[in-house]
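In: quick one: sequence and predicted model below, then my questions.
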Amino acid sequence: MFQKKTLSIAVAMAAALGASFAVAQEDQVEEIVISGIRASLTQALDVKRTNTQIVDAIVSEDIGKFPDNNVIEAMQRITGVQVTNRGAGEVAGISIRGLTDVNTTVNGRNIFTASGLSVALQDIPASLIKQVDVYKTRSAAQIENGIAGSVDIKTQRPFDFEGSKWVLATRAISQEQADEIDPNISGLASNRWNTGAGEFGALVNLSYAETNYRDQSVTPGAMVPFASDNPLAPFTNYERIFLDKGGVTENPIWTPGLLDGLPNTAGSTLEVNGQPMEYLLGRDAIFASDFTGKRERTAANVSFQFAPNDNAEYLFEAFYNGYRNESFNSLLFSFADWWGAYVDNPGAANIEVFEGTNIIKSRSVSNQYMFTSGDLSTGKTDSFVYALGGNWDIGSNLKVKSELTYQDSEYSTDFVGMRFDKGGYQLDVDFNAGGGLPAYSFPDNPATADVDESDLTDLVAWNSAQFYDSGTRSKGDATTFTIDATYTTDLSIFTAFDFGVRVDNRTAAEASRRQGAKNNAITAYDSYNLIDGAYNGAIAIESIPGMASINKGFFDGEADVPTTWAAANGHYLKNNITAMRGLYGLTELPLINGFDIEELTTSAYITAKFDSELAGKKVDGEIGLRYTGSDTDMVFTDINKELLNPTVDNSSSASADTSKVLPSLMVRYHWTDSLESRFAYTETLRRPAFSQLNANISKNEDVTNVGYGTAFGGNPDLAPTESKNYDVSLEWYFAQGSSLYGTLFKRDIDGFVIDFRRQVQLEKPNGQMGTYVLSQPYNASNGELSGLELGAVWFPDNLPSVLDGFGVQASYTALESSQITPITNTAGEIIDTKKTDLFGVSDESYSVVLAYDKYDLGMRLSYTWRSEFLNNYEAASFANPLEVWRKPESSLDLQVTYDVNDNLSLTLDGTNLTEEIYQSYYGENGSTTNNFGSALYSRTIAIGARLTF
């Protein structure tokens with residue numbers, strides 16, 4: 001199907017090219033002066049056209065005026081780029097041609113946050129950015145990591161300006177759901193001077209952004225099997241079927257975590273004492289999350305350039321990125337799996353199933369257990385990058401540049417939470433009342449007419465319950481030395497040779513703390529996972545002012561669900577953390593390092609640029625080789641043992657040594673002065689994240705009574721994932737600032753990292769042995785990704801005056817992906833394989849931008865859309881399909897700029913204008929019967945002003 005669609009689109013594109021080419025002029029005789037949006041798009045096309053590689057770009061419309069709230073929002077309009085994970089007032093996830101492993105550089109330097117391998121792009125303020133280049137292919141001269149592609153962010157430097165430049169930009173952003181106005185302020189000051197020693201330039205760029213956000217979601221729980229109203233002994237009506245039950249010989253009775261889940265056709269059975277028993281698939285719970293918070297980002301960039309003469313230039317740059325976040329999650333959770341009231345009266349359960357299935361659509365649940373949870377999370381990041389370098393012209397043929405970079409980054413979090421709980425009278429729930437949205441309520445008990453069961457804000461009705469207290473810290477630093485040279489020549493068809501060396505010494509460490517207690521007896525256990533938490537049911541929460549928080553207006557009337565409830569006030573818990581720990585018999589525990597890693601990576605490359613003729617047409621390009629090798633030393637600490645007995649050595653160690661030679665070839669053929677095609681073959685790799693190498697085993701206890709806990713750990717033997725990449729493109733630049741282009745591409749990927757699951761016996765927090773399903777990553781899957789990209793930018797000339805100034809930017813991407821996923825038994829042995837989609841890959845996506853740029857007014861209305869995609873695997877503890885899919889996602893955004901004069905511009909911006917509900921579901925074909933989460937995110941409207949002089 002994909003191949004037919006690709007062929008038909010390619011044929012249509014070729015036909016359009018041919019027809020248009022017949023009437024197009026080869027050369028433009030009139031130079032058109034452009035600015036604003038049109039100038040930005042024109043410069044981006046120039047980057048694409050002049051680069052040997054396949055690259056797309058975004059160029060700032062003006063100094064301090066990048067077209068979106070953050071880099072990711074702007075990148076969604078680039079051909080082949082898809083974005084996801086909208087939340088907390090912004091978009092946070094990006095993929096290039098369906099793959100999320102993107103290498104990120106700033107001014108060509110690899111950067112990261114804390115112990116990670118990359119930086120969160122949304123942490124880089126848009127106001128600091130001059131240009132973003134998205135590389136779909138990879139030269140041997142570029143850093144090898146990232147099979148998805150590479151994103152290079154260019155910032156302003158003083159020699160970019162002819163003289164002095166001062167810019168002040170302010171925006172006020174309304175987050176609709178949060179009902180707040182957020183400030184966004186940036187300033188730039190730059191100048192350059194001619195001195196007796198040479199030319200000197202200095203630039204300072206500062207930015208502050210504040211975001212108040214509110215995300216709301218409502219989610220039916222996971223699926224588990226239930227007996228029907230005609231059960232076999234020892235089961236009773238609608239009893240939940242756990243893995244084990246006394247009086248049943250087939251323990252475990254069913255297998256959780258199957259890729260396709262348990263069979264869901266009407267009449268499906270399980271074996272009970274040798275006899276088939278029909279079962280129903282129902283949800284174990286229904287829950288709602290009201291997630292609010294405040295985030296602050298502060299950034300600073302200083303840049304100094306010095307050119308003593310025409311043959312030398314020196315540069316010092318420093319960057320600081322600061323991140324502060326405080327988020328509060330108010331959770332309302334009700335179990336939907338109790339059966340005790342239906343032993344003698346099954347009709348009271350009001351069970352309705354989806355037609356032709358055994359999946360429960362709606363039901364009543366009596367005497368359900370329910371709780372609310374108020375959780376406060378704080379996060380803090382401080383990242384610094386320092387770079388000192390220079391470039392020199394040595395003779396007429398040799399150019400050399402070198403740089404020494406040091407960066408240091410630390411990220412820390414604190415978490416505190418508390419539950420209120422109670423037993424309810426009844427839950428009436430429709431897990432899909434329409435459009436994937438559930439509906440539920442809590443009716444009154446006729447026997448206690450004076451109790452309003454629907455009033456979830458009555459503090460007297462709630463009991464105090466578990467308390468949670470944890471924290472993490474991750475750190476990373478790197479010292480990097482690079483030297484690169486270009487030697488120009490006229491040796492045969494070769495015009496230049498590039499060669500260089502990069503040496504990077506990287507360290508990373510992660511630490512955490514968590515503690516729990518039961519009945520006020522302190523128990524130290526696995527620091528990564530707090531399960532039951534400390535418990536104290538005797539706190540009179542209604543008598544402590546400020547302990548409770550009551551939300552209002554939940555889900556904005558979009559679904560028939562509770563709109564207000566009481567939960568613990570996370571801010572109160574944080575501000576009174578010592579007293580709260582005392583109520584639960586806890587004391588503060590220290591952060592304990594879980595792992596320390598040091599990695600030395602050495603890379604060297606050589607490339608040759610060539611220029612020749614073929615069939616009377618110009619052909620040029622680049623061929624190269626890159627060697628890269630890494631030596632990794634790892635030390636892991638068993639945090640649980642360290643907490644219990646810190647006087648002994650609780651650490652273990654491992655090491656890894658990898659190397660690879662990566663070839664690259666880029667060829668460009670010039671059919672005419674305006675029509676060219678490219679071919680590229682490159683090889684790239686993805687190194688495992690440091691956290692994936694962590695050999696420590698962390699545990700989650702059995703909180704839903706499925707019969708076992710879950711555990712996870714890393715694998716220090718992981719190898720890099722490798723990809724062979726093929727690209728063919730055709731590009732037509734038919735007018736200034738206008739182009740039509742398309743690319744066919746393929747990725748053959750070896751060694752995808754996936755999680756293997758097996759049942760093991762591990763020590764529980766109480767010291768006894770227990771059953772866990774352990775997940776660990778292995779290079780156990782291979783995959784393939786192929787696709788088509790089409791893009792166009794067109795600002796037509798000679799339009800009627802009423803339409804003059806309008807233009808269009810459009811892109812379309814079609815993808816087909818697959819990977820071979822091993823299926824394991826309970827012992828972790830591979831018993832079968834299944835061909836599945838790659839995570840995060842939409843089969844189709846497109847964006848359409850209607851732009852207007854004339855005189856002093858610039859406008860851009862953009863719509864982006866991506867089809868459904870496989871997002872993640874659910875925990876392997878339930879009866880639903882393991883795959884979690886996301887429904888199609890879209891966004892409508894608007895940007896307007898009006899230049900009052902040469903120095904002052906006013907802006908109006910809006911994102912997520914249609915305020916879409918983002919949804920997920922279990923299984924590729926389960927969007928109706930297997931609906932999962934539904935999330936409502938804020939629409940944002942911003943007004944701003946920018947002053948330049």
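Out: That came through fine.
In: where in the stretch 701-850 of the chain is pLDDT low?
Out: Residues of the stretch 701-850 of the chain meeting the criterion pLDDT under 70: 703-706, 765-766, 825-828.
In: SS state for Leu573?
Out: helix (DSSP: H, G, I helix; E, B strand; the rest coil).
In: next one: it from Val385, what distance?
Out: Relative to Val385, Leu573 is positioned 36 Å away (C-beta to C-beta, to the nearest Å). In short, each C-beta sits where N, CA and C put it, glycine included.
In: what pairs with the host helix or strand of Ala465, and is each one parallel or antiparallel?
Out: Here Ala465 sits within strand 463-488, counting by DSSP states H and E. Taking DSSP bridges as the criterion, strand 463-488 sits next to strand 398-423 (antiparallel), strand 494-514 (antiparallel), strand 534-535 (antiparallel) in its sheet.
In: return the most buried member of those.
Out: strand 534-535 (a mean of 22; mean count of other C-beta atoms under 10 Å).
In: pLDDT on it, on average?
Out: For strand 534-535, the mean per-residue pLDDT is 63.
In: could you list the low-pLDDT ranges of the stretch 451-600 of the chain?
Out: 516-537.
In: can you dump the C-alpha atoms of the helix or strand harbouring Val619 in CSV for me?
Out: Here Val619, judged by DSSP H and E, is contained in strand 617-637. The C-alpha atoms that make up strand 617-637 are tabulated as CSV, following Å, rounded to 0.1, in the frame of the first residue of the first chain:
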residue,chain,number,x,y,z
LYS,A,617,26.0,18.4,-16.6
LYS,A,618,27.7,19.5,-13.4
VAL,A,619,28.0,16.9,-10.7
ASP,A,620,29.6,17.6,-7.3
GLY,A,621,29.5,16.2,-3.8
GLU,A,622,31.5,14.7,-1.0
ILE,A,623,32.9,11.3,0.0
GLY,A,624,34.3,10.6,3.5
LEU,A,625,35.1,8.2,6.3
ARG,A,626,34.8,8.7,10.0
TYR,A,627,36.3,6.5,12.7
THR,A,628,34.8,6.7,16.2
GLY,A,629,35.7,4.7,19.3
SER,A,630,34.6,4.8,22.9
ASP,A,631,36.0,3.4,26.1
THR,A,632,33.4,3.4,28.9
ASP,A,633,34.1,2.6,32.6
MET,A,634,31.0,2.1,34.9
VAL,A,635,30.6,1.8,38.6
PHE,A,636,27.2,0.8,40.0
THR,A,637,26.0,1.0,43.6
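In: quick one: distance of whichever helix or strand comes after that strand to the chain centre.
Out: As assigned by DSSP H and E, the chain's next helix or strand after strand 617-637 is helix 639-644. For helix 639-644, the separation from the chain centroid amounts to 32 Å (computed by C-alpha atoms, centre = their mean, to the nearest Å).
In: between strand 617-637 and the helix or strand just after helix 639-644, find me the angle.
Out: Per DSSP H and E, the first helix or strand lying C-terminal to helix 639-644 is strand 651-670. Relative orientation of strand 651-670 versus strand 617-637 (axes from the mean of the first three to the mean of the last three C-alpha atoms, to 10 degrees): 170 degrees.
In: what's strand 651-670 packed up against?
Out: Applying 3 or more C-beta pairs under 8 Å, 6 or more residues apart in numbering; DSSP states H and E, one finds that strand 651-670 contacts strand 617-637, strand 675-686.
In: rounded mean pLDDT for that strand, please.
Out: For strand 651-670, mean pLDDT is 94.
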